[in-house]
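Chemist: Return atomic coordinates for the entry below.
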Amino acid sequence: MEAAERHVQIEPPILYFGTPVVLLSTLNEDGNPNLAPMSSAWALGYRVMLGLGASGKTLENLRRERECVINVPDPSLWRHVERLAPLTGRDPVPEWKAATWFRFEPRKFEAAGLTPQPSESVGAPRVLECLLQLEAEVRDIRPLGPHGEAAAVETEVVRVHAASEIVVAGTNHVDPQRWTPLLYVFRHYVAGGERLGKTFRAEA
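Modeler: All right, here's what the predicted structure looks like:
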């Protein structure tokens, strides 16, 4: 195949070309926890940016409470994540979600078969089954889209919890040979592949 024929122009409905899944736990106004799966999160240092729809319960909670826990599941938890996918903590269910088979569920942890674990510096609980958990505080929320239909939430991680079995002994480093995140690739759950090498900046 000639180079000029290798690519075709496409217009995919989404551009989740390979992003980690996170389970975002927040507190509802009644003090009960909400848990939402999302796949628009990236970190730079201890700042983590979250991309969220404007009509969801999670963004409402973040605006009010200004804190959350960013729980990072591994591939073994994908079925639990998918149990959460059609659920919303907002009642009544937003019109667009109702049209796409979402349903209201106030007990997200129970519905997903996951266990709430107390946090140390924020009110929202951690997810016990997630081996990497980031307690975070909201620093800024910016509208996204021409009509503000989404939001970019800037958070600052204030506490990191990692299961001892994924930490390089005697260090503060997560071992990528023992743990990899669950990935979301064009609406499919994908496990990370084999380790190929490391960057020159890797410390472990």
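Chemist: Packing partners of the top helix by length along the chain?
Modeler: Scanning the chain for the helix with the most residues, using DSSP state H, yields helix 57-65. Applying 3 or more CB pairs under 8 Å, 6 or more residues apart in numbering; DSSP states H and E, one finds that helix 57-65 makes contact with strand 22-27, strand 33-38, strand 47-53, strand 67-72, strand 132-144, strand 150-162. C-beta here means a position set from N, CA and C on the backbone, and glycine is covered the same way.
Chemist: In JSON lines: the ones you listed, plus mean pLDDT and distance to residue 96.
Modeler: As requested, those are exported to JSON lines (pLDDT from 0 to 100; distance: least, CB to CB, whole Å):
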{"stretch": "strand 22-27", "mean pLDDT": "98", "distance to residue 96": "20"}
{"stretch": "strand 33-38", "mean pLDDT": "97", "distance to residue 96": "16"}
{"stretch": "strand 47-53", "mean pLDDT": "96", "distance to residue 96": "9"}
{"stretch": "strand 67-72", "mean pLDDT": "98", "distance to residue 96": "23"}
{"stretch": "strand 132-144", "mean pLDDT": "97", "distance to residue 96": "16"}
{"stretch": "strand 150-162", "mean pLDDT": "98", "distance to residue 96": "12"}
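Chemist: would you list those in JSON lines and tack on mean neighbour count and distance to residue 93?
Modeler: Shown next, in JSON lines, are those (neighbours: other CB atoms under 10 Å; distance: least, CB to CB, whole Å):
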{"stretch": "strand 22-27", "mean neighbour count": "26", "distance to residue 93": "18"}
{"stretch": "strand 33-38", "mean neighbour count": "23", "distance to residue 93": "14"}
{"stretch": "strand 47-53", "mean neighbour count": "18", "distance to residue 93": "13"}
{"stretch": "strand 67-72", "mean neighbour count": "26", "distance to residue 93": "22"}
{"stretch": "strand 132-144", "mean neighbour count": "18", "distance to residue 93": "22"}
{"stretch": "strand 150-162", "mean neighbour count": "17", "distance to residue 93": "18"}
